[in-house]
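Asker: predicted model follows, preceded by the sequence.
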Amino acid sequence: MKSKTQGYIFVLLAITIFSLQDGISKHLASTYPPVFVTMIRYWAFALFTIVLASKVRGGIQATARTKRPVLQIIRGVLLAAQVVVAISCFAIIGLAHSQAIFAGTPILIALLSMPLLGERVGWRRWTAIGAGLVGVLLILKPEGGFFDFKLLLAIFSCFLFAFYVIATRLVSRDDPAMTSFFYTGVVGGIAMTLVGPFYWTWMSGWDWGWMALVCMTSISSHYFLIRAYDMLDAAAVQPLTYLQLVYASIIGVMVYNETLNLNTIVGSVIVVASGIFTIWREHVVAARGTART
């Protein structure tokens with residue numbers, strides 16, 4: 001019981017820090033290229049994964065051993081690209097509105113899992129997926145009769161993250177979680193280093209301080225999330241990640257003077273409820289399959 005309580009504390013710490021990181025990233029991306037911001041952030045993340053790998057049994061050599069090298073590289077590149085697009089969304093679309101659209105990602109993952117992973121979806125999850133899509137349409141509903149094409153950037157981010165999650169599920173069949181985490185940081189760091197210097201921009205003194213804080217939050221949030229997954233099942237952790245939408249709304253409205261219309265609020269509630277049900281149902285189906293084997 002004590003271990004589970006600590007696990008939930010670690011989840012809440014991770015989500016809170018992730019949200020602060022998003023808020024600071026929006027500030028930096030409003031002035032500097034998102035690719036540049038992501039590159040610096042990934043340097044800290046990659047260093048963290050290397051240090052962590054060096055401390056496990058067998059060290060970096062054992063951690064880096066993988067049966068799916070190509071897919072691991074694809075995963076790392078996908079997530080790095082998604083971070084760039086997400087930070088761009090924070091600056092262009094707004095923190096709260098972006099996170100409202102991102103909340104629909106579990107619905108998209110459930111849809112893609114059928115053709116790509118061969119998963120079967122029953123009527124309950126189909127109902128949740130349908131409701132979630134209605135919620136996303138409400139969030140995307142044009143204001144003033146004109147669709148804002150900038151919102152397509154957030155949808156693209158959802159697809160990138162969904163494919164990253166699908167790839168992660170595929171490699172998990174052959175590689176341990178620590179190996180996947182190592183490749184996420186190192187491959188992403190290498191990918192951003194190949195692209196980021198072309199966007200190099202000298203920052204003001206204060207903004208270097210904000211960038212340092214982004215790096216620290218990147219390391220600490222991932223550390224707390226790892227500790228949480230050590231103590232809790234994914235089905236217990238994932239629903240709590242929707243708190244990021246709440247935090248994003250608070251930061252967006254109070255710090256950046258963003259506004260939330262009724263469609264966004266109602267749509268977000270529907271999407272979150274559908275996503276939580278989908279995650280729970282996946283856990284139930286997976287548990288039944290394990291029990292039968």
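Answerer: Looks like it came in fine.

Asker: do you know the pLDDT at residue 156?
Answerer: In this model, residue 156 is scored at 95, pLDDT.

Asker: again with residue 109
Answerer: pLDDT at residue 109 comes out at 84.

Asker: can you count the residues close to it?
Answerer: Neighbourhood size, residue 109 [other C-beta atoms under 10 Å]: 23. Glycine gets a C-beta too; all of them are placed from N, C-alpha and C.

Asker: pretty sure it sits against residue 166.
Answerer: Yes: proximity of residue 109 to residue 166 meets the contact threshold set by C-beta atoms under 8 Å, at 6.8 Å.

Asker: now residue 82. Nearest residue, chain neighbours left out?
Answerer: Among residues not flanking residue 82 along the chain, residue 160 sits closest, at 3.9 Å (C-beta to C-beta, 6 or more residues apart in numbering).

Asker: make sure the one you found is actually in contact with residue 78.
Answerer: Yes: here residue 160 reaches residue 78: they are 5.7 Å apart, a contact under C-beta under 8 Å.

Asker: more neighbours, those two?
Answerer: Set residue 160 next to residue 78 and count neighbours by other C-beta under 10 Å: residue 78 wins out with 24 against 21.

Asker: name the element that one belongs to?
Answerer: Assessed by DSSP states H and E, residue 78 sits inside helix 69-92.

Asker: any idea of the mean pLDDT for that helix?
Answerer: 95.

Asker: buried set for that helix?
Answerer: Of all the residues in helix 69-92, those buried under the rule 16 or more other C-beta atoms under 10 Å are 71-92.

Asker: chain center to the helix or strand following it: distance?
Answerer: Proceeding N to C from helix 69-92, the next assigned helix or strand is helix 95-102, under DSSP H and E. Remark: helix 95-102 is offset 12 Å from the chain centroid, using C-alpha atoms, centre = their mean, to the nearest Å.

Asker: find the centremost residue of the chain, please.
Answerer: residue 161 (6.7 Å; C-alpha atoms, centre = their mean).

Asker: please tell me how far the residue nearest to that one when sequence neighbours are not counted sits from residue 131.
Answerer: Leaving aside its chain neighbours, residue 161 sits nearest to residue 82 (4.9 Å; criterion: C-beta to C-beta, 6+ apart). According to C-beta to C-beta, to the nearest Å, residue 82 and residue 131 sit 25 Å apart.
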